[in-house]
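S.K.: generate a structure from the sequence data that follows.
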Amino acid sequence: MARFRLILLLAAALGYTAASPIDEQALDSPSFLAPGKDRGWKDCGEEGDVVRIKSIEVSPDPPKRGEDLTITVTGDASDDILDGAYADVTVKLGLITILRKQFDVCEEAEKANATIQCPISKGHHVVVQTVTLAKEIPPAPFKVNIRGYTGDDDDLVCMDLMMDFWPKRGSFLQW
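M.R.: Next up is the predicted model:
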């Protein structure tokens, strides 16, 4: 689960492989996934936020429990991101909060040997990270809220993610 949380954190900080893009979805309804979609994201930030996420791609598509998942996040930073930047991450399973934690963005990127390290210069960035998804991820929809801040507590990034691991129709006995 720690690696899964880390990739979500890296996607918050910023983020071309043969991958499928995850469409940005509007959060106008209780579920912001379009019919037939099992994942989505929304940049919930303001124009003044330091990081603006442009795209998220995953490979393989759809992700499989117990296997490697490569996530490519593309975004723009309007200012340098320095030590002290942090992200508040909340993971929910339905209405139940299963994780609420604050992460040091630079420290987590260093621990994961991420493709981008602090200080992160302003400009366009592409972050590629591969993690192994736990086999124990329950077949359920997960909502992840990421709110990032600079060391001075200015808004860094805001992103909402949705990933649904429910078995699909026609996939009887999908363990």
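S.K.: what ranges do the strands span in the protein?
M.R.: Using DSSP state E, the strands assigned to the chain run over residues 20-22, 39-43, 51-59, 68-77, 86-93, 96-104, 123-132, 141-149, 155-164.
S.K.: of all these, which lies closest to residue 114?
M.R.: strand 123-132 (5.9 Å; CB to CB). Placement of C-beta: from N, CA and C, glycine included.
S.K.: kindly export that closest one (C-alpha atoms) in CSV.
M.R.: This file holds the C-alpha atoms of strand 123-132, laid out as CSV (Å, rounded to 0.1, in the frame of the first residue of the first chain):
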residue,chain,number,x,y,z
GLY,A,123,8.7,24.5,-16.4
HIS,A,124,7.2,21.5,-18.1
HIS,A,125,7.8,18.1,-16.5
VAL,A,126,7.1,14.5,-17.2
VAL,A,127,7.2,12.0,-14.3
VAL,A,128,7.3,8.3,-14.9
GLN,A,129,7.0,5.9,-12.0
THR,A,130,6.5,2.2,-11.8
VAL,A,131,5.0,0.5,-8.7
THR,A,132,3.8,-2.9,-7.9
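S.K.: just the buried residues of it, please?
M.R.: 125, 126, 127, 128, 129, 131 (16 or more other CB atoms under 10 Å).
S.K.: returning to what we had before: for residue 115, which of the strands of the chain is the nearest?
M.R.: Set against residue 115 and scored by CB to CB, these come closest in strand 123-132, at 5.3 Å.
S.K.: just want the angle from the closest one to strand 68-77.
M.R.: 160 degrees (axes from the mean of the first three to the mean of the last three CA atoms, to 10 degrees).
S.K.: on that earlier part again, which of the strands of the chain sits closest to residue 113?
M.R.: Closest approach to residue 113 among those (CB to CB): strand 123-132, 9.3 Å.
S.K.: tilt between that closest one and strand 51-59?
M.R.: Per the same axes, to 10 degrees, the angle that strand 123-132 makes with strand 51-59 is 40 degrees.
S.K.: show me what strand 123-132 is packed against.
M.R.: helix 2-13, strand 68-77 (3 or more CB pairs under 8 Å, 6 or more residues apart in numbering; DSSP states H and E).
S.K.: lowest-confidence stretch among those?
M.R.: Mean pLDDT values for the helices and strands packed on strand 123-132 show the minimum at helix 2-13, a mean of 42.
S.K.: show me the contacts for the closest residue to residue 132 other than its chain neighbours.
M.R.: What sits nearest to residue 132 in space, not counting adjacent residues and going by CB to CB, 6 or more residues apart in numbering, is residue 68, at 5.4 Å. Residues in contact with residue 68 (CB atoms under 8 Å, 6 or more residues apart in numbering) are 130, 131, 132, 133.
S.K.: what mean pLDDT does stretch 157-171 have?
M.R.: Average pLDDT, stretch 157-171: 80.
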